[in-house]
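[1] here is a sequence with its predicted model. Questions after.
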Amino acid sequence: MSITPRYATIPDWCAISGMGRSNTYVEIGRRHIRAVKLGTRTLIDVEAGLAWFATLPPAEIMTGRRLRPRSSEPDAPQMTAAEIAVPRAPPPAEIRTGPHRRPRPPAAPPAPAE
C-alpha cells in the first residue's frame, strides 16, 4: 500500500514525479505546479502536481530506425535520415555571449577644458 503525501519537499517531489529540480522550479514559475512556503522550505501540492501531469499530451516518439511508415499508416509522411537528424548551424562568429565576448571599444577621450 502506497500513501501519497499531500505536500512534498522539492527532493521528495522529484522522486515522486520523476521531474528534475530545475524543471520543477520552471513549472512552479509557470504556475503549472502549486507550491507553498513553510518557513524556508518549499512544499509542492502533490495532488495538484499529479493532476497537471494528467493534462499533458502523450509522448510522440520516433526513432531513427523507422524511416518508412508502417503499412497500417498509409498517409504518414516518409522521412529520410537527413530529415530526422538535421544538423544545427553554428552561431555567426560576430555574435558572442558569455565570458569570451569581445571587449568594448575604448571610450572617447574627454573634451579639453577651456
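    Sure, I can see it. Numbering: from 1, shown residues only.
[2] where does the closest residue in space to residue 20 that isn't next to it in sequence land on pLDDT?
    Using CB to CB, 6 or more residues apart in numbering and skipping the chain neighbours, the partner closest in space to residue 20 is residue 14 (6.5 Å). All C-beta spots, glycine's among them, are computed from the backbone N, C-alpha and C. The predicted structure scores residue 14 at 93 on the pLDDT scale.
[3] name the element residue 14 belongs to?
    helix 10-17 (DSSP states H and E).
[4] could you point out which element follows that helix?
    Past helix 10-17, heading to the C-terminal end, the next element that is a helix or strand (DSSP H and E) is helix 21-29.
[5] other SSEs contacting that following helix?
    For helix 21-29, the packing partners by 3 or more CB pairs under 8 Å, 6 or more residues apart in numbering; DSSP states H and E come out as helix 10-17, strand 41-45.
[6] can we see that at 7 Å?
    In terms of contact count using 3 or more CB pairs under 7 Å, 6 or more residues apart in numbering; DSSP states H and E, helix 21-29 is assigned the packing partners helix 10-17.
[7] what ranges do the strands span in the chain?
    Per DSSP state E, the chain has strands spanning 7-9, 35-38, 41-45. These are given in chain order.
[8] any chance of those strands in TSV, with mean pLDDT too?
    As requested, those are arranged in TSV below (pLDDT from 0 to 100):
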stretch	mean pLDDT
strand 7-9	94
strand 35-38	94
strand 41-45	95
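[9] distance to residue 111 and mean neighbour count added to the ones you listed, as a markdown table?
    Written out in a markdown table, the entries for the strands of the chain read as follows (distance: least, CB to CB, whole Å; neighbours: other CB atoms under 10 Å):
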| stretch | distance to residue 111 | mean neighbour count |
| --- | --- | --- |
| strand 7-9 | 61 | 17 |
| strand 35-38 | 54 | 12 |
| strand 41-45 | 55 | 18 |
